[in-house]
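Novice: Structure, please.
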Amino acid sequence: MKYKILVITLFFMSNIVLSQAGKIQYEVKLGIDLKEVDKTYVEFFKEIVDYGNNQQFQLLFNNKSSSFKYVEKLNNDTNFDKNADLIARTFINSSSDVYVDYIIKKVVLKEPDGTLIEKKYDPAGWEITNESKIIGTYLSYKAKKIVYYTSAKGQSKNMDVIAWFAPNLPYPYGPIDFYGLPGLILELTQNKATFLATKIDLVEEEIKIDFPKGKTITKEEYDKKLKAQMGM
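Specialist: Now for the predicted structure:
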């Protein structure tokens with residue numbers, strides 16, 4: 001069964017040039033139980049949850065590349081705190097704009113400070129299950145992936161990622177930098193944050209995606225730079 005799934009996935013990825021273009025809107029739901037938070041930090045996390053739950057993101061894709069960006073809002077609320085909004089994005093691991101080129105296999109993250117990070121192209125590692133559910137009007141299947149990373153303290157960590165993809169939308173794209181499944185990811189959960197597709201707009205005309213220009217550095221170099229700024 002796994003071999004069959006792999007063959008189908010590889011066949012689809014090899015024919016990605018036949019895909020059309022699309023605009024997908026995602027909203028976020030933070031699954032933080034404030035009752036479990038230390039009283040000292042309740043107000044802080046309440047603010048993070050409020051900002052996180054009001055954020056929107058847009059995935060654009062054409063027949064060879066995609067971008068995933070935060071949707072800037074014209075906010076007339078005088079109490080709107082851009083720093084708190086950015087902290088919420090960082091908490092749900094979506095502070096970077098993400099660009100993926102599926103032809104030359106390149107991933108670039110654009111940080112809020114303008115730094116460009118080139119990341120390893122990694123569509124593999126998904127375990128597709130038989131579990132399914134309906135999202136909107138689409139039959140979606142569950143896939144799992146473990147992401148390994150190094151914490152700010154230099155410790156090796158791992159994070160479980162759960163994705164629900166729709167085979168009837170045969171596009172290997174998804175939120176943040178998760179991709180490579182034989183169907184569009186309509187729902188993705190990682191780090192207590194769930195991204196849910198709320199609007200799907202498929203178009204025949206070409207959507208142009210401009211990768212940011214400039215010198216790129218590795219994630220390790222960027223983390224080292226941040227530590228130096230914080231005196232670590």
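
Novice: Check what pLDDT the residue nearest the centre of the chain gets.
Specialist: For the chain, residue 176 is the residue whose C-alpha lies nearest the centre (CA atoms, centre = their mean; 1.4 Å). Residue 176 is assigned 92 on the pLDDT scale.

Novice: Residue 100 against residue 176, yeah?
Specialist: No: if you go by CB atoms under 8 Å, residue 100 and residue 176 don't touch, sitting 10.3 Å apart. Glycine gets a C-beta too; all of them are placed from N, C-alpha and C.

Novice: Do you have the helices of the chain handy? List them.
Specialist: Assigned by DSSP state H, the chain shows helices spanning 2-14, 42-52, 82-91, 219-229.

Novice: before we move on, back to that, next up, the contacts around the residue nearest to the centre of the chain.
Specialist: Residue 176 sits next to 68, 93-94, 98, 188, 190, 195 when contact means CB atoms under 8 Å, 6 or more residues apart in numbering.

Novice: Quick check on the closest residue to residue 195 other than its chain neighbours: phi, psi?
Specialist: Of all residues not flanking residue 195 in the chain, residue 175 sits nearest, at 4.2 Å (CB to CB, 6 or more residues apart in numbering). Main-chain dihedrals, residue 175, degrees, to the nearest 10: phi -70, psi 160.

Novice: Next, count neighbours for the closest residue to residue 107 other than its chain neighbours.
Specialist: Among residues not flanking residue 107 along the chain, residue 119 sits closest, at 4.3 Å (CB to CB, 6+ apart). Neighbourhood size, residue 119 [other CB atoms under 10 Å]: 17.

Novice: repeat for residue 46
Specialist: Residue 46: 13 neighbours (other CB under 10 Å).

Novice: Can you tell me how far residue 221 is from residue 110?
Specialist: Distance, residue 221 to residue 110, by CB to CB, to the nearest Å: 15 Å.

Novice: out of these two, which sits in the busier spot?
Specialist: Taking other CB under 10 Å, residue 221 and residue 110 do not tie; residue 110 has more neighbours (20 against 12).

Novice: so the more buried one touches residue 96, yeah?
Specialist: Yes: using CB under 8 Å, residue 110 is in contact with residue 96, at 6.1 Å.

Novice: Look up phi and psi at residue 179.
Specialist: Backbone torsions of residue 179, given as degrees, to the nearest 10, read phi -160, psi 180.

Novice: and it, what does it touch?
Specialist: Contacts of residue 179 were listed using CB under 8 Å, 6+ apart, and they are 66, 100, 102, 123, 172-173, 185.

Novice: closest to residue 217 among these?
Specialist: Residue 217 lies nearest to residue 100 out of those, by CB to CB, at 17.8 Å.

Novice: Count the residues that sit near the closest one.
Specialist: 26.

Novice: bridging residues for the residue lying closest to residue 97 once chain neighbours are set aside?
Specialist: Distances taken as CB to CB, 6+ apart place residue 110 nearest to residue 97, at 4.3 Å, with adjacent residues excluded. With DSSP bridges applied, residue 110 shows beta-bridge pairing to residue 97, residue 116.
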